[in-house]
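Novice: with the sequence up front, the predicted model follows.
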Amino acid sequence: MKKETEITETLKEQKEYPEPVKKAIFTARQALEKAPEIQGVSTGIEGLDELFYIVASKDGRLINQPLGGIPAYSVFNITGVSDTGKSLMVEQFAVEQARKGYKVAFITVEAPANFLVAGLKLRAQAMGYNFEKFEDNIILIDAASYGSLRENIPELLSTLVYVIQNYKVKFTVIDSVTGLFENKEMLARVVVRQIFNFLKKWYQTALLVSQKRSGHEELTAEAAGGYAVGHIVDGTMVLAKELVDSAYKVKLYKKEIGDIVRLFRIDGCRLSGHDTKTHFLEITETGLVKILEPIGR
């Protein structure tokens, strides 16, 4: 039993704390009432959808049940050095969702909208689709041409709210999120946290491209801003390329000296199970990304 003086002292200390934020407190049951059902979103990227699964019960035992795509409402980080296929992947994803009739917000931070859309049209043609049939389903936000959108995150998110509400957007792509904290990487965590919380509030399934610096390890989730993006988002897909320059790599990759191999790995996913192997990645002559078999098979 605490003495009266100790209780008085404790009450005195409690008065020094600010008021509790009661609206941030939920029981698990209350939180579940707002939790989305975990289902797969087909990506349009050959070989990727099969790498995600959930654990289900069948005949009294647990099995891995294929999800058929990335988890709905997940926010993924797509990272890698230049020329590894990051932008191609997210363009394929945007085209696939638009082709299925969904609205996609595409925030372009690197290329102006009129140049980006040319790439999207090429991606659609390579996928065998008629871009004109669904081109209005992709809504471009040109942060490459309008610097205030890159420099002022609240303004960018206000613009995105307008797009989500007026176009009934379900999917968001940002290429690249790195461009939103260029030359101020110490703020990466703050910027990415704002964007992540926003995308969750609006129930978006989203892909964020982030760029690696030359000193980063090829197959880790580290990118510009350190691990800030990878720590906050639901999962990371890492893309890499490597020169075959040793007998060891010739044997490992079954390639010849001088060849370039492209690699792919899923580095964590909070919302579902996933394949953990490192896979070969191919960029076809028509500019499509494919995920191939694991290395060593």
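Specialist: Everything's here; your move. Residues are numbered from 1 along each chain as shown.

Novice: assign a three-state SS to the residue nearest the centre of the chain, would you?
Specialist: With distances taken as Cα atoms, centre = their mean, Phe76 lies nearest the centre of the chain, 1.9 Å away. Counting by DSSP: H, G, I helix; E, B strand; the rest coil, the backbone at Phe76 sits in strand.

Novice: now it: how far from Gly47?
Specialist: Using Cβ to Cβ, to the nearest Å, Phe76 is found at 16 Å from Gly47. Every C-beta, even on glycine, is put in place using the N, C-alpha and C of the backbone.

Novice: count of neighbours near the nearest residue to Gly44 once chain neighbours are set aside?
Specialist: In space, and not counting its chain neighbours, Gly44 is closest to Glu96: 2.7 Å by Cβ to Cβ, 6 or more residues apart in numbering. As a burial measure, Glu96 scores 22 neighbours (other Cβ atoms under 10 Å).

Novice: give the contact list for Glu96.
Specialist: Ser42, Thr43, Gly44, Ile45, Met127 (Cβ atoms under 8 Å, 6 or more residues apart in numbering).

Novice: quick one, what contacts the last one?
Specialist: Looking back up the chat, that one is Met127. So Met127 contacts Gly44, Gln92, Val95, Glu96, Arg99, Leu288 (Cβ under 8 Å, 6+ apart).

Novice: check the offset of whatever helix or strand the fourth one lives in from the chain's centre.
Specialist: Assigned by DSSP states H and E, Glu96 falls within helix 86-99. Its chain's average C-alpha position is 12 Å from that of helix 86-99, according to Cα atoms, centre = their mean, to the nearest Å.

Novice: and the next helix or strand past that helix?
Specialist: Counting by DSSP H and E, what follows helix 86-99 is strand 103-108.

Novice: please report the distance of the nearest residue to Gly80 once chain neighbours are set aside from Gln211.
Specialist: In this structure, Gly80 finds its nearest non-sequential neighbour in Leu239, 3.4 Å apart by Cβ to Cβ, 6+ apart. Remark: distance between Leu239 and Gln211 (Cβ to Cβ) = 11 Å.

Novice: any residues in contact with both of these two?
Specialist: Thr79, Gly80, Lys86.

Novice: bridged to the second one, which residues?
Specialist: Taking DSSP bridges as the rule, Gly80 bridges to Gln211.

Novice: doesn't Ala240 make contact with it?
Specialist: Yes. Counting by Cβ atoms under 8 Å, Gly80 sits close enough to Ala240 to count as a contact (5.8 Å).

Novice: okay, those two: which has more neighbours?
Specialist: Gly80 (26 against 21).

Novice: how much space separates that one from Thr205?
Specialist: Counting by Cβ to Cβ, the gap from Gly80 to Thr205 is 21 Å.

Novice: same check on Gly40?
Specialist: From Gly40 to Thr205 the distance is 10 Å (Cβ to Cβ).

Novice: ok, so of the contacts of Glu96, who is nearest Glu155?
Specialist: Distance to Glu155, by Cβ to Cβ, is smallest for Thr43 among these, at 29.9 Å.

Novice: which strand or helix spans the closest one?
Specialist: Counting by DSSP H and E, Thr43 is part of no helix or strand.

Novice: offset the numbering so it begins at 52, please.
Specialist: With the count now opening at 52, the last piece we talked about shows up as Thr94.

Novice: re the thing from before, can you tell me which two in the contacts of Met178 are farthest apart?
Specialist: Arg150 and Leu339 (13.9 Å).

Novice: quick check: the gap between the closest residue in space to Asp226 that isn't next to it in sequence and His282.
Specialist: Closest residue in space to Asp226, ignoring its immediate chain neighbours: Val260 at 4.3 Å, by Cβ to Cβ, 6+ apart. According to Cβ to Cβ, Val260 stands 17 Å off from His282.

Novice: ok, those two, which is more surrounded?
Specialist: Using other Cβ under 10 Å, the more surrounded residue of Val260 and His282 is Val260, with 25 against 14.

Novice: which stretches of the stretch 102-251 of the chain form helices?
Specialist: Secondary structure of the stretch 102-251 of the chain (DSSP state H, counting those that start in this stretch): helices at 137-150, 164-177, 198-202, 204-218, 239-252.

Novice: average model confidence for the shortest one?
Specialist: If I follow you right, that is helix 198-202. Per-residue pLDDT values over helix 198-202 give a mean of 93.

Novice: could you measure from Phe144 over to Leu173?
Specialist: Taking Cβ to Cβ, one finds Phe144 at 15 Å from Leu173.
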